[in-house]
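K.L.:
Sequence and predicted structure below; questions after.
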Amino acid sequence: MAEYLQVHPVNPQHRALVRTAEALRDGAVIAYPTDSGFALGTRLGNQEGVQRIQQIRDLDEKHNHTLVVSEFAQIGKYVEMGNSVFRAIKAATPGRYTFILKASRDVPRMVQNHKRKTVGVRVPDHVTTLALLDELNEPLVSSSLILPGETEAMSDGELIKERLEHDVDIILDSGDVIPDPTTVVDFTVEDAPHIARLGSGDPSLFE
C-alpha cells in the first residue's frame, strides 16, 4: 500500500523529502506534484520502475519518457545540444516546457525513443519537485500521471491514493497542482525548434 506524504507547498518538510529520496534509491515508483499536474517517477537506471510506470499508464515501449532534473546545468550530461540550443533552453528553465533532444550515452536505451534515440528533458518550476530532486541528487525518469482512458494529468493527491494505492510506493502531495500540460519543443526534427505540443509554456521564446 502506498505511503501518503503531505508537505507544505512553500516549505516542504525535509523529513518527507528524505523518505521519498530513500525510497527512490531503493527502487520505488512515486506519484509526485509538478507545475503541470502529478507525474509518475522513478530513479534513472531503475528498469523495473520504468516498466511499472508503463504498466500503470498502459504505455508501449515507443512512449517518450522524460528526464526531470533540478537545474539547467544537469541537462548537458543527458542530451546533445549545440550553442544555440543551449542558450534557448537556458533562457526557458525552469519552466513549463519539455525539450526533445538526442540522448547521450548516459541515458539507458529503454528510456530513449527507440527509433529516434531521443529523450525528453525538463526543469519544472515547482518548489516540491525541485526540493525532492535536490535531495535525490539525480534525475527522475518521469511520465505525466494520465491514467488509461483519460486525457488530463491527475491533480488530487487523495484521489491518486484511492486509485493507485497498490500501484505506487509513495504519493508526495503538496496540494498545489494545476493539470496544465507542458509545451513540448523538439530540437531534432528541423533546423529550427519545432513546437510538438502547445501547452502552458510560452512558445514565443522559440519563434
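P.N.:
Received, thanks. Numbering: from 1, shown residues only.

K.L.:
And for Leu133, the neighbour number?
P.N.:
Close neighbours of Leu133, defined as other Cβ atoms under 10 Å, add up to 24. (C-beta placed from N, C-alpha, C; glycine too.)

K.L.:
what's the answer for Gly201, then?
P.N.:
For Gly201, the count of nearby residues is 25 (other Cβ under 10 Å).

K.L.:
Run through the residues that contact it.
P.N.:
Listed by Cβ atoms under 8 Å, 6 or more residues apart in numbering, the contact partners of Gly201 are 92, 95-97, 182-183, 185.

K.L.:
ditto for Ser200
P.N.:
For Ser200, the contact set (Cβ under 8 Å, 6+ apart) comprises 35-36, 96, 180-183.

K.L.:
returning to that earlier point: tabulate the contacts of Gly201 (TSV), appending secondary structure and pLDDT.
P.N.:
As requested, the contacts of Gly201 are exported to TSV (DSSP: H, G, I helix; E, B strand; the rest coil; pLDDT from 0 to 100):
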residue	secondary structure	pLDDT
Ala92	coil	96
Gly95	coil	96
Arg96	coil	96
Tyr97	strand	97
Thr182	coil	97
Thr183	strand	97
Val185	strand	97
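
K.L.:
Narrow those to those that are buried.
P.N.:
Those of the contacts of Gly201 that meet the buried threshold are 92, 95-97, 182-183, 185, by 16 or more other Cβ atoms under 10 Å.

K.L.:
and which of those is nearest Asn137?
P.N.:
Comparing the buried ones among the contacts of Gly201 against Asn137 with Cβ to Cβ picks out Gly95 as the nearest, at 21.7 Å.

K.L.:
Please determine how far the closest one is located from Pro203.
P.N.:
Shown here: Gly95 relative to Pro203, a distance of 12 Å by Cβ to Cβ, to the nearest Å.

K.L.:
quick one on the thing from earlier: quick one: the contacts of Gly201 as a markdown table, columns for distance to Leu136 too.
P.N.:
Putting the contacts of Gly201 into a markdown table (distance: Cβ to Cβ, whole Å) gives the following:
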| residue | distance to Leu136 |
| --- | --- |
| Ala92 | 23 |
| Gly95 | 21 |
| Arg96 | 21 |
| Tyr97 | 21 |
| Thr182 | 21 |
| Thr183 | 25 |
| Val185 | 25 |
